[in-house]
Each structure stands twice: as structure tokens, then as C-alpha cells.
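Enquirer: Model the following, please.
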Amino acid sequence: MPVELTIIAWGMILLLVHIFAAAHVKTKQYGPKWNMGARDESLPPLNPIAGRLARAEANYKETLPIAIVALIGVVVAGRTSELTALGGWIWLSARVVYLPLYGFGVPVVRTIIFMASLVGLLIALWPLLGF
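Expert: The predicted structure follows:
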């Protein structure tokens with residue numbers, strides 16, 4: 001099995017981590033009744049950590065489709081290589097590091113790690129652009 005598919009599978013595990021981390025801190029703030037309810041009521045703003053984790057989840061969901069297209073695309077196109085695998089691992093590793101950095105509110109470094117994840121995506125995507 002191409003390593004790019006393994007990277008996507010781990011990316012899905014990371015998606016679950018994002019979802020449950022954000023849901024956990026929201027539930028701590030709003031309570032289990034909110035979590036198990038219809039969530040129709042108006043709520044106060046999220047506390048800083050819950051807000052950061054919700055934004056980190058949203059950010060991950062914005063770039064995840066690009067990673068899926070890039071990594072599955074090189075497999076389907078028969079363009080996998082050590083470079084596409086490296087790009088995928090850079091993307092995934094950076095995204096793993098990004099979550100706690102965002103959760104703890106670390107500025108600048110978080111942005112640098114995000115940029116590293118984009119570089120990984122571009123490395124993986126590059127063969128699909130015909131270069």
C-alpha cells in the first residue's frame with residue numbers, strides 16, 4: 001500500500017483528535033446537558049482555550065481536503081515518490097504539532113508550523129501539476 005494512503009489514514013485520526021479535543025473543552029464549559037441536548041440555546045462565547053481549539057479544528061478542516069486530493073491524487077496518477085511521501089509526512093507532522101501550539105495560544109511559532117504544513121502539501125501536490 002502506498003505510504004501516502006497511510007498518511008491520509010493518520011490524518012483522519014488527527015481529525016478525530018481535533019473534533020474530540022474541541023468537543024471536550026466545550027462540554028467542560030457548557031456542561032454535559034448541552035452536549036447531549038439539541039444545542040438550540042444561545043450560549044456565552046467560548047473560553048479562550050475552547051475557542052482556540054475550535055478554530056484549530058476549523059483550520060485543519062480547511063486544509064485537509066487539499067491533503068486528501070494531493071495524496072490520493074499522486075496514488076491514482078501513479079506519481080508517488082519519496083518526495084510525495086516526504087511532503088505528506090511534513091504536512092501531517094506539522095499539523096500534529098500545530099494543534100497543541102494553537103491550544104496553548106503560542107503565537108508566531110504556530111504560524112511557522114502552519115507554513116511548514118503548507119510546504120509539505122505543496123511538495124505532495126507538485127507532481128499532479130505536471131512538473
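
Enquirer: Show me what stretch 113-121 is in contact with.
Expert: The contact list for stretch 113-121, computed with Cβ atoms under 8 Å, 6 or more residues apart in numbering, reads 59, 63, 66-67, 70, 86-95, 97-98, 101. Heads up, the C-betas are built off the backbone N, CA and C, glycines and all.

Enquirer: Pull up the gap between residue 118 and residue 24, please.
Expert: Remark: distance between residue 118 and residue 24 (Cβ to Cβ, to the nearest Å) = 28 Å.

Enquirer: do the same with residue 51
Expert: For residue 51 relative to residue 24 (Cβ to Cβ), the value is 14 Å.

Enquirer: Also residue 85?
Expert: Using Cβ to Cβ, we find residue 85 at a distance of 32 Å from residue 24.

Enquirer: Of these two, which one has the most company?
Expert: More crowded of residue 85 and residue 24, by other Cβ atoms under 10 Å: residue 85, with 19 against 13.

Enquirer: ok now do the nearest residue to that one once chain neighbours are set aside, which residues does it touch?
Expert: Excluding the flanking residues, the one nearest residue 85 by Cβ to Cβ, 6 or more residues apart in numbering is residue 3, at 4.5 Å. Listed by Cβ under 8 Å, 6+ apart, the contact set of residue 3 reads 80, 85, 88.

Enquirer: Tell me who's in contact with the first one.
Expert: In this case it means residue 80. By Cβ under 8 Å, 6+ apart, the contact list for residue 80 reads 2-4, 74.

Enquirer: which ones among the residues you listed are found in helices?
Expert: With helices taken from DSSP state H, the overlap with those comprises 3-4, 74.

Enquirer: related to what we said a few turns ago, filter the contacts of residue 80 to the buried ones?
Expert: Buried by 16 or more other Cβ atoms under 10 Å: 2-4, 74, out of the contacts of residue 80.
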